[in-house]
Each structure stands twice: as C-alpha cells, then as structure tokens.
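Fold the following.
(one chain, ligands or ions: 2)
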Amino acid sequence: ITNTSDEAKYVSGKIEDAELDVSNDVGLGPLKPSVVNSAPIAGQKPGTSGLRKKTKEFMTENYLNNFVQSVFDAVIAGGTNVSDGTLVIGGDGRYFNPEAIQTIIKMGVANGVKRFWIGENGLLSTPAVSAIIRERGPVWQKAFGAFILTASHNPGGPDEDFGIKYNTQNGGPAPEYLMQATHANTGTIKSYKICKDMPDVDISKVGTTEIAADDGSSSVVVDVIPSTESHVALLKTIFDFDAIKALLEREDFTMIYDSMHGVNGPFAKSVFVDEFGQPESVLSNHIPKDDFNGAHADPNLTYAKELVATMGLDRKGNKIDVSGPIPSFGAAADGDGDRNMILGTQFFATPSDSLAVIVANANSIPFFSSQGGLKAVARSMPTSGAVDLVAKDLNLDFFETPTGWKFFGNLMDSKAVFKGKDYTPFICGEESFGTGSDHVREKDGIWAVLAWLNILAAKNPDASKPLVTVEDIVKEHWGKYGRNYYCRWDFEGMDKTGANAMMDKMRSDAAANTGRKVGSYTISTADDFKYTDPVDGSVAQKQGVRFLMSDGSRVIFRLSGTAGSGATVRMYIEQYEQEKLDMPVAVALEELTKIALELCDIKTFCGTETPTVIT
Ligand code: G6P
Ligand code: ZN
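Ligands and ions are numbered 1, 2, ... in the order given. The predicted structure is shown next:
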C-alpha cells in the first residue's frame, strides 16, 4: 500500500481508493487493506490505565480507529514485529466491547498481525490478559501484546465510560514512552489501515477461524479462546487447591464472591464451581452485563453495598443486625477483575491490613514456599505502614512507590538491573483494593481471594477444631505487630480549580508546617512525595502531600489520577497503636480526621467537607 500525501484527498472517514496502490493487493480479497483518511481528534491522551472517555465519544467516527492506529504505529516503530506472534484482545464486557473487538481485528490484519487470541464473548479480565501474554502458547505463537477494553471500575453503558489500554510482551501495561509516542501519533494522524471487506468473526464460540486471501498468498488465524483457561491454569500452580477445597467443604465455612456483573464472574465460576465443586450460590452477580447492571463495579464499602450488607456491615464497616446466618468469608471484584475486597463475618479487612496479613503468611502459599520464600514487598505511598512492620520483621526488601501498579512492574522486572539481587518472588499492594504478586504484571483480584483462602486453610488444618476466622487472623496480626488504624475519604466531583489550589496551598505551606504542633500531634515532616525509580532512574514528582506526625501517624492528600469528570480529592488518615487494638476506626481517627480537614481547608477550597466515599 502506498499512502500519498496529497492533502486534498484526506476526507475524514471516507475511503479514497485513489490513495491505494492496489497492484500488490490483487487477489487479497478479505485481507485487502484499505487506507482510510482521518484527522487528529483532540484529547486522546492516555492516563494511568490507557484511554478512558465517555462511550459515546468512543463511538464517534474514527475515534477508536485513530487511537488503535496510533498504538500500532508506536508499537511497530518501537521495533515490535506484529506479524510474528499473537495479538490478544479482550475486555470487561462493557457496552461497545464487541464492536470495538471487530474493529481492532480488522485493523490488526491491515497492520500486519497474522494471529489473534480473542476471549470467548470478548471477555478477558485484566490479570487474565497478563497471564495469557506470559503463559499461553508455544514459543512461535507467544503474544507480543494485547488490547484490553476496559474502564476498570468506572460505570459502563452507552451513557457511561469506555476505555482501551495496551499491554506489552511482559504482560504489563505499556510503558510511559510507548503511551507518549501513541499520544503524539494521535496528534498527527492522517489515515488508518483497516480490512474493510473482512467478515466479522464469531466471538461467541471457542474455535479457530482462518481467513485466507483469495489468491492463497496469505492467511490470518483468529482463535477464540476460553476466557478463563490460562489464568486458572496459572492460579492452580500458585495455590494449594486441595487445601482450599477442604476448607470450602467444612460444614462451618460458607462464602460469597460478588463479581458485581463485571468480567470476574466467569473466572469465579471456573474456580469455585468447576474446580472446587461449590454450588453456584457462592457466586453473586456473576453474569457479566454491559452496564454492570447500572451499578458502580468497584469493590469497596460504599459501592459493594449488597455484599457488605450480607456480611453484616454498614458502609462505614460497623456491625449491623442481620437476620439469618452470615457467611464466613466474603469477597468482591471490580469491572475488569483486578481489584479485590476481603470481608469476614461482620468484619472488613482494609486493603492495607489485607496486604500485611498476606505478606506475613505468604510462605503458606506454595508459589512462595517453593521459591525459597517471599523476598520483597512493595506498597504505594498512601497505603498504610502495616506491611512495613512485617517486612522489617521478616527481613524482606521493601519499596514505597507512588500510586499506580506500573511502579511495581518495574521492580518485578529488575533482575538484570540489581546485579546479584533477585527480588522474586514479590508481593505488592495498594490501599485502592489492589493486591498481587509477580506471577503476572497486573494486580489480580481472584489471586488475592485465593491467597486469603489458602492462608485460612493453612490456619485451619484440623476440621474438627473451631474455625479460625478472617477476624481472628487479622486480630492475631495486630496483636503481634500493632494496628495501623486507617481510612480514606474521597471527595468526588470537586471543582478542578479549587482542588488544585488546595493542593498548591499545602505544597507551598509545607516548610512552614514542618515542626508545627496541631492538637496533640506534632508535624515532623510536611512534603510532597517524590519517587526516583531505582530501576530506570525516572523521577515522579508531586505524588501526594504528606503530613508525617512525630508519633508515626500520617495524613496524606492526593488528587485521583483516574477521576471521570471533575477532580477527586483523596484524604488518607493513619494512626498507629500498639496497645489499643479494639477501638472503632472512627473513634481512633477522630482527632486526626479533624486535624486533616483543617490542614487542607477543603471547606474553603471546594465548598464541602463531607466525603462521597469512605473506605
Ligand atoms: C488504578 C491503578 C491503581 C491505582 C488506582 C487508584 O486502579 O491501576 O494502581 O492505585 O487506579 O488511582 P487514583 O489515582 O484514582 O487514586
Ligand atoms: Zn480494575
């Protein structure tokens, strides 16, 4: 194909056959690529997790095409041979997923891709994509990358959000430079390539479709693969499935796993029903829906309200009266299956505590014990310091990174950089309900659930003894390490100007605040978190304003990097206690919360001090 640069012919969205030198294409039939003229569309700047916009915007002419072509151009320019190996495509099942998949297949072929793995019905969770890239197929078929169609926990549907992200050969999200190149391409794009005569592929059935050129000169293979196969196979190598099965079969153990109508449903079914032989009643909201049933598929105390009520809690994590039995174990996942929430009977394990407990007990999980034990851990800066205490106690290498899973990926792939030092196996976690390890390069919701069940199984070796519960395990942990009382307040939909001004004020006051007494606390350091990546030396600035108190308590403020519209202010409050382990969180954090509201003065800057979400 030659693409002349005659500007006059660029008519947005129209196929100008005059542009095509078809001499090479004779006989290609369905595989004949067309060059479609287009023009840059403003605002195609990928954020932390790819490009997220309103679904309607994604459905406008050329919107998806421009972005996908810009990714292909960046990937190919970066040296990837897209004709060698496989391209994975799947998503969380939200509205516009099926149409987007067909478009990406046809554009992939036009850009040289010869083999595709598509999740059945277009469904693949984010961690499953990572597992497929890393694990699936013989060497000559190995995936070179993947498109994931998801806006994670953002609502879906024609009036809500859609998203697309690209993952590379290590199974992790595209590195910053690739997304910068993609963004640059979206600003100069003049055309995209697509096989417009290629028939749609039936993605509702597992199987292989081979599409050949009319003259037999080439062909492409589209494999529709079982969505859960690779990921579940990997999970089976990580955990002690027999021990977990025995735990689930105990008379006194019951559980419920809420997939919130996201993509996790089929994965939960495949593990809990097909592998463990549990009845379907352990699954809740496990049928994926393209609008997540109109709900916010985000596993936290506010949005997973059905599960939270079933487990006998209110949205602040306080016990409520429930008629009838409450399950021993409750868990939830977000839209694309990478987040998790862990609950016991009338008990909420905060993500920070959950991380600390998993790390403290990691060696009861075969993945870690078989590799000589866990070696390193990392947490994001706003995540509580509970895991720090475990890392110190167990002599593990420890890293504190900015918010965002990508910072963990670099550390996991650092073997070559830290000569002689091997940081695998590795566990990471974030307060934002993300936990995982270096088995993949994404956070992994079902991994965290199985980690907890494996730990519970190890703590309950004898079925004739009373059940050691989630609450028992967390309380035993606090007894040993002390308790990091923790909570996060979110103020969603704030005015961006006001929120930025608030952050700026705290930044400029940092020096003056250092050493100041506030209530019964003294601010020993006030600063803006800055991170220098030990692997590639890159520096991330302005990652959150921190007030570190002299007794180890912390108050932190950040603006969310994933907010749909307006600004979301996040306020994180943490207080360490060695003795008083049984206070209600709100009581333990009462004074510090008041101080936090005064330190930021959100009332003046944003007009409210009432959060929309408390986790
Ligand atoms: C995504 C990222 C996480 C991050 C989370 C919260 O889920 O994958 O790594 O912790 O967003 O980000 P936010 O900027 O909204 O607090
Ligand atoms: Zn997610």
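
In the protein, which residue sits nearest ligand 2?
Nearest residue of the chain to ligand 2: Ser152, at 3.3 Å (Cβ to the ion). Every residue, glycine included, has its C-beta placed from N, CA and C.

Tell me the predicted confidence for that residue.
In this model, Ser152 is scored at 90, pLDDT.

for Phe529, phi and psi?
phi -60, psi 130 (degrees, to the nearest 10).

Just say helix, strand or coil for Met109.
Just to correct that, residue 109 is Val rather than Met. Three-state assignment for Val109 (DSSP: H, G, I helix; E, B strand; the rest coil): helix.

So for it, what's the nearest residue that isn't a sequence neighbour?
Leaving out its chain neighbours, the residue that sits closest to Val109 by Cβ to Cβ, 6 or more residues apart in numbering is Cys195, at 4.7 Å.

so who does that neighbour touch?
Cys195 makes contact with Pro30, Leu31, Lys32, Pro33, Ser34, Lys106, Met107, Val109, Ala110 under the criterion Cβ atoms under 8 Å, 6 or more residues apart in numbering.

thought the second one was touching Ile194?
No - the criterion here is Cβ atoms under 8 Å, and Leu31 misses it with Ile194 at 11.5 Å.

The stretch 1-150 of the chain: helices as residue ranges?
55-58, 63-77, 97-110, 126-135 (DSSP state H, counting those that start in this stretch).

and those, which is most packed in?
Neighbour counts (mean count of other Cβ atoms under 10 Å) averaged over each of these peak at helix 126-135, with a mean of 27.

Out of the contacts of Cys195, flag the one nearest to Ile148.
Ranked by distance to Ile148 (Cβ to Cβ), the contacts of Cys195 are led by Met107 at 15.7 Å.

ok, so what distance separates the closest one from Tyr95?
20 Å (Cβ to Cβ, to the nearest Å).

How about Glu280?
26 Å.

Moving C-terminal from the helix or strand hosting Asn454, which element do we reach first?
Assigned by DSSP states H and E, Asn454 belongs to helix 445-459. Going down the chain from helix 445-459, the next helix or strand is helix 470-481, by DSSP H and E.

Run through the neighbouring helices and strands of the next helix or strand after that following helix.
Reading on from helix 470-481 to the C-terminus, the next helix or strand found by DSSP H and E is strand 483-494. Judged by 3 or more Cβ pairs under 8 Å, 6 or more residues apart in numbering; DSSP states H and E, strand 483-494 is in contact with helix 351-360, helix 386-394, strand 567-577, helix 585-588, helix 602-606, strand 613-614.

Work out the gap between stretch 496-511 and the centre of the chain.
Here the centre of stretch 496-511 is set off from its chain's centre by 28 Å, with Cα atoms, centre = their mean, to the nearest Å.

Are that stretch and ligand 1 in contact anywhere?
No - using Cβ under 6 Å from any ligand atom, stretch 496-511 stays clear of ligand 1, with a minimum separation of 12.8 Å.

can you pull the buried residues of that stretch?
For stretch 496-511, a neighbour-count test (16 or more other Cβ atoms under 10 Å) marks Gly498, Ala499, Met502, Met503, Met506, Ala510 as buried.

Same question for stretch 176-192.
Buried-residue list, stretch 176-192, by 16+ other Cβ under 10 Å: Leu178, Met179, Ala181, Thr182, His183, Asn185, Thr186, Ile189, Lys190, Ser191, Tyr192.

just stretch 293-303 next, same as before
Ala295, His296, Ala297, Asp298, Pro299, Asn300, Leu301, Thr302, Tyr303.

contacting residues around it?
153-157, 258, 260-262, 285, 304, 307-308, 313, 315-317, 331-335, 339-341, 348, 433, 445, 612-615.

can you tell me which of the buried residues of stretch 176-192 are in helices?
Those of the buried residues of stretch 176-192 mapping onto helices are Leu178, Met179, Ala181, Thr182, His183, Asn185, Thr186, per DSSP state H.

Nearest to Arg554, out of the residues you listed: which one, please.
Met179 (31.0 Å).

Assess the claim that the closest one and Pro46 are in contact.
Yes - Met179 lies in contact with Pro46 (Cβ under 8 Å); the separation is 4.6 Å.

Count the residues that sit near Lys580.
Other residues lying near Lys580 total 12 when counted by other Cβ atoms under 10 Å.

no no, Thr608
Neighbours of Thr608 under the rule other Cβ under 10 Å: 13.

Equivalent analysis for Pro466, please.
9.

Show the contacting residues for it.
Asp252.

Go again with 10 Å.
Asp252, Asn460, Asp472 (Cβ atoms under 10 Å, 6 or more residues apart in numbering).

buried subset of these?
Asn460, Asp472.

All set, thanks.
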